[in-house]
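Colleague: sequence first, predicted coordinates after that:
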Amino acid sequence: MNRTARVERSTKESHVLVEVDLDGSGSSEVATGVPFFDHMLAQLAKHGGLDLIVRTTGDLEVDAHHTVEDTSLALGQAINEALGDRAGLRRFGDALVPLDECLVQSAVDLSGRPYLVHEEPQIVELIGSYDTTLTRHIWESIVATAQITLHVRVISGRNAHHVVEAQFKSVARSLRDAVTRDPRVVGVPSTKGTLTGS
């Protein structure tokens, strides 16, 4: 079963190409024009065991919001398409990830229902050109189009770089577990028989 997807998304604000392979080796080629965001997407690929290609051109002369948002929406859509009917998967995944003084807990359910719970401390607003208030919006966008439930909780942390990076690493590990095939799971892991739609 080939668990790959290719998504293109074009608006007046951006053009995005995303390719994902859920059964990859963690390799990534990412270019969005927002270097810290590129670094975070590379973390998602590496620790999630995904092969990921992302190429985005956006209206960075305005700010990074549209570029980051549209990339995240396309990434979520690609994950959703690559998952197919979600049969034979573990469905749930969770991870507790430290990064120096920072500790992040996350949990994923490939539920077919988009829902986000996100808790993080106040941190500085900029990491390079990256607006740290976008982190929550990244998860909101991915959740919406991937049709997953995601909980992310920053338990401790004060360094902004660590607070954001640990979130990406933790979500990557949770997602990696959730999308893993489980030989004991027959069909879709749900008593209602579907993990797509409502």
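Modeller: Arrived safely, thanks for sending.

Colleague: over to residue 146: give its phi and psi.
Modeller: Note on residue 146: its backbone torsions stand at phi -80, psi -20 [degrees, to the nearest 10].

Colleague: contacting residues for it?
Modeller: Going by C-beta atoms under 8 Å, 6 or more residues apart in numbering, residue 146 touches 75, 76, 77, 79, 80, 83, 114. In short, each C-beta sits where N, CA and C put it, glycine included.

Colleague: which SSE is the residue nearest to residue 146 when sequence neighbours are not counted in?
Modeller: Once its chain neighbours are removed from consideration, residue 146 has its nearest residue in residue 76; the separation is 3.8 Å (C-beta to C-beta, 6 or more residues apart in numbering). Here residue 76, judged by DSSP states H and E, is contained in helix 65-83.

Colleague: for that helix, give the mean pLDDT please.
Modeller: Mean pLDDT, computed over helix 65-83, is 97.

Colleague: from the contact counts, what lies against it?
Modeller: Using 3 or more C-beta pairs under 8 Å, 6 or more residues apart in numbering; DSSP states H and E as the contact test, the elements touching helix 65-83 are strand 4-10, strand 14-21, helix 35-48, strand 51-58, helix 134-146.

Colleague: out of these, flag the one nearest residue 184.
Modeller: Between residue 184 and those, the shortest separation by C-beta to C-beta is 22.4 Å, and it involves helix 35-48.

Colleague: gap between the residue nearest the centre of the chain and residue 135?
Modeller: Central residue of the chain (C-alpha atoms, centre = their mean): residue 142, 5.7 Å from the mean position. Here the criterion is C-beta to C-beta, to the nearest Å. By it, residue 142 lies 11 Å from residue 135.

Colleague: okay, residue 197: pLDDT?
Modeller: Per the predicted model, pLDDT is 58 at residue 197.

Colleague: actually residue 182, sorry about that
Modeller: For residue 182, the pLDDT comes out at 84.

Colleague: contacting residues for the closest residue to it other than its chain neighbours?
Modeller: Nearest residue to residue 182, sequence neighbours excluded (C-beta to C-beta, 6+ apart): residue 90, at 4.8 Å. If you count contacts by C-beta under 8 Å, 6+ apart, residue 90 has them with 177, 178, 179, 180, 181, 182, 185, 189.

Colleague: now residue 152
Modeller: Neighbour list for residue 152: 104, 105, 106, 116, 117, 118, 119, 120, 139, 167, 170, 171 [criterion: C-beta under 8 Å, 6+ apart].

Colleague: is it in a bridge, and if so with what?
Modeller: Beta-bridge pairing of residue 152, defined through DSSP bridges, involves residue 106, residue 118.

Colleague: give me the number of residues near residue 186?
Modeller: Neighbour count for residue 186, taken as other C-beta atoms under 10 Å: 9.

Colleague: okay, it: pLDDT?
Modeller: Predicted confidence (pLDDT) at residue 186: the value is 73.
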